[in-house]
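1. what shape does this take:
(chains A and B, ligands or ions: 3)
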Amino acid sequence: MNLAIDFLGMSMKNPIIAASGTFGFGLEYSRYLDLNKDVGAISLKGLACEPWAGNSGVRVAETPAGMLNCIGLENPGAEYFKKYFLPELRRYDVPLIANIVGHTEEEYGRVAEMLSVPGISALEMNISCPNVKNGSLAFGTHPETAAEVTRIVKEHTDLPVMVKLSPNVADIVSIAKAVEEAGADAISLINTLMGMAIDLRTRRPILGNITGGLSGPAVKPVALRMVWQVAKAVKIPVCGLGGIMTGEDAAEFLVAGASAVQVGTATLASPDAIPRIAGELAAWGDANGVASAAELTGTLVTE
Amino acid sequence: MAGYLEKGAIRRHELVGPDIWRMEIELPRTAGEAVPGQFINIRVPDGLHILRRPISIAGTYPGRGITEIFYRVVGRGTEILSHLKVGDVIDCLGPLGRGFTIPDGHIVGVGGGVGIAPILFTARRTKPGQMTVAIGGRNKEEVFWKDFFPQTLKELIVTTDDGSCGIKGFAIAALPDIFAKGPVAEVVTCGPGIMMRKTAELAEAAGIPCEASLERRMGCGTGGCLACVCDRRDGKGHYKVCLNGPVFNTKEVIL
Ligand SMILES: Cc1cc2nc3c(=O)[nH]c(=O)nc-3n(C[C@H](O)[C@H](O)[C@H](O)COP(=O)(O)OP(=O)(O)OC[C@H]3O[C@@H](n4cnc5c(N)ncnc54)[C@H](O)[C@@H]3O)c2cc1C
Ligand SMILES: Cc1cc2nc3c(=O)[nH]c(=O)nc-3n(C[C@H](O)[C@H](O)[C@H](O)COP(=O)(O)O)c2cc1C
Ligand code: FES
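-> Ligands and ions are numbered 1, 2, ... in the order given. A predicted model of the protein is given here:
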């Protein structure tokens, strides 16, 4: 099966993007895989216009078939990234997606502008961040705030913009349509599902931040359902993620309507997960007479 | 230093102390490169547990390609590991992290609990007569470690809270005497936070460099997720324990 795809103006050698926050700035992984050919694209760790310190205390907890994290979007800021990481990263032949975060719409606009530089192929907006001006409700939880922040980012960049949706919402389709209307070039979903874990012995939360985001196989059914609903409702391409651990998981997301996928938690479990999953996807395609990854997208049979 | 993905067969697996198992795994690349203080990240071999378990390397036998660990059963992952048999193959990632510096001269090691494992590895790598080790436990069962240390140590001091083996009291109580007896090139420590803090205080007060091996919950173990951070003492943010550590000079971090 031909794995190469064109997605969001990027020529990708396979349809798998390293998910933000689980692949650092990529360089750490050059030891475990070939960044020049094994990874479709890298969505970099979320970056803000200023450094963020992240949360204190325990930042991860394992849960059945998954994990919770409350890293708190720690990052060194866009300037530092451009100075110390981007030059080294640009030596590799792999498209880079800057994942961006902000506390306010202005901050999103500012970081979008700071990262619209040679070497970056697209932006991915993490809109699960709390909006400090709006009682800390996440931007991504209402169609209006999601659309507004998308519009602002589009005004500050010429790069293609992918909006990453939060699953912690009542109606994912209305948010997807709102950001499409606001100019998004693609949608990725899902970000983590809000959860928590308790140490019963001490009756304390395990995570320093009390709550955290659930990822891994435990969220896959929710993610698949949301990708299917959103892909039916919008015209822009959809990138699916949430609990992809195998090539068949990836194929399911494509069938549900995704044009590309991302892999996060599987990389934490093993740093070579992406090439392994890509290999499995190709083998599955070959065994099932599928000529290309692109041909799988949206082929769910419901009759 | 980043490691290798290596699948290796268990060559020896035995209960050696209260809930503490010793395991020898055939991991030639790890065995060939590991230095004391580094760890391996072990996949729980049931397909259900997502995150690997970080375990310190306690010894290597490069000739046989063997890497040795000691682990305590505390939860599901280590419980599953304890049921594995000789010949079973486990998926490991290592050697990971930065180890102890180990300069020439007199080295003093202070360890408690499973934190004794990297001190044991250090002892095995130092020259005869180069290292003094102080280990502590609650009772004589918990200081079974003493039998694994090389006979060639300068001195091995064993302490127990209840006095059932060695000196009654804490391992750190031995430090002032050791420091008074002669020059010390470095102190290395791993164990409960309070023990490492106290050790660092005593070493720093005596003007001796001190390195501590830190423990944090980890996601990836390879520097990609920022789960494992610790605070820098200079206030300039964080270090990643899996990549910049787990061993730090105690002046670099807040213990
Ligand atoms: C660098 C390093 C070296 C270590 N060396 C050793 C060693 O040589 N021998 C030994 O017995 N133990 C060691 N530990 C602790 C060991 O990693 C945990 O005891 C083990 O992961 C517990 O797994 P579990 O599934 O049994 O426990 P669970 O509580 O079921 O585990 C749930 C999750 O929490 C994590 N976790 C639980 N306790 C700890 C802990 N104390 N530290 C870090 N993560 C934890 C687990 O890895 C897992 O992701 C080390 C930890 C670190 C960070
Ligand atoms: C440790 C960790 C850190 C993450 N950091 C980010 C981040 O900075 N920005 C972001 O958009 N998503 C972040 N995510 C979410 C993932 O990119 C992904 O959406 C989610 O984990 C679901 O995919 P998975 O099940 O394949 O991991 C993070 C996830 C994890 C586990
Ligand atoms: S455990 Fe992921 S960065 Fe250290």
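
2. all helices for the stretch 1-150 of chain A, in order.
-> Here the stretch 1-150 of chain A has its helices, by DSSP state H, counting those that start in this stretch, at A:78-84, A:86-89, A:105-114, A:143-155.

3. list the buried residues for the shortest one?
-> For helix A:86-89, burial by neighbour count (16 or more other Cβ atoms under 10 Å in any protein chain shown) applies to A:86, A:89. No exception for glycine: its C-beta is placed from N, CA and C like everyone else's.

4. rewinding a little: want to try CSV for the helices of the stretch 1-150 of chain A, with distance to chain B as columns?
-> Formatted as CSV, those follow (distance: least, Cβ to the nearest Cβ, whole Å):
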stretch, distance to chain B
helix A:78-84, 11
helix A:86-89, 14
helix A:105-114, 18
helix A:143-155, 24
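
5. so which of those helices is nearest ligand 3?
-> The closest of the helices of the stretch 1-150 of chain A to ligand 3 is helix A:78-84. By Cβ to the nearest ligand atom, the value is 16.4 Å.

6. what's in contact with the closest one?
-> A:25, A:44, A:47-49, A:51, A:75-76, A:98, A:111, A:114-115, A:117 (Cβ atoms under 8 Å, 6 or more residues apart in numbering or on different chains).

7. so what's A:Ala48 up against?
-> Contacts of A:Ala48 by Cβ under 8 Å, 6+ apart are A:73, A:75, A:77-78, A:100-103, A:107, A:111.

8. that's a helix at A:Lys177, yeah?
-> Yes. According to DSSP: H, G, I helix; E, B strand; the rest coil, A:Lys177 belongs to a helix.

9. for it, report the pLDDT, please.
-> Listed pLDDT for A:Lys177 reads 98.

10. swap in B:Met1?
-> 53.

11. cool, the one 4 residues further on as well?
-> The pLDDT attached to B:Leu5 in the predicted structure is 95.

12. excluding sequence neighbours, find me the nearest residue to it.
-> B:Leu93 (5.5 Å; Cβ to Cβ, 6 or more residues apart in numbering or on different chains).

13. please point out which parts of the helix or strand hosting the one you found sit buried.
-> Element membership for B:Leu93 (DSSP states H and E) is strand B:89-96. By neighbour count on 16+ other Cβ under 10 Å, the buried set for strand B:89-96 is B:90-96.

14. also stretch B:160-175?
-> B:160, B:165-166, B:170-175.

15. which strand residues bridge the residue nearest to B:Leu5?
-> In this entry, B:Leu93 is beta-bridged to B:Leu5, B:Asn41, by DSSP bridges.

16. just the contacts of helix A:78-84 now: which is nearest ligand 3?
-> For those, the nearest to ligand 3 is A:Phe25 (11.7 Å; Cβ to the nearest ligand atom).

17. just read off the phi/psi values of that closest one.
-> phi -100, psi 20 (degrees, to the nearest 10).

18. and for it, the neighbour number?
-> 21 (other Cβ atoms under 10 Å in any protein chain shown).

19. same check, this time on the one 5 residues further on
-> Summarising burial for A:Ser30: neighbours were counted as other Cβ under 10 Å, giving 15.

20. next up, the contacts around it.
-> A:Tyr92.
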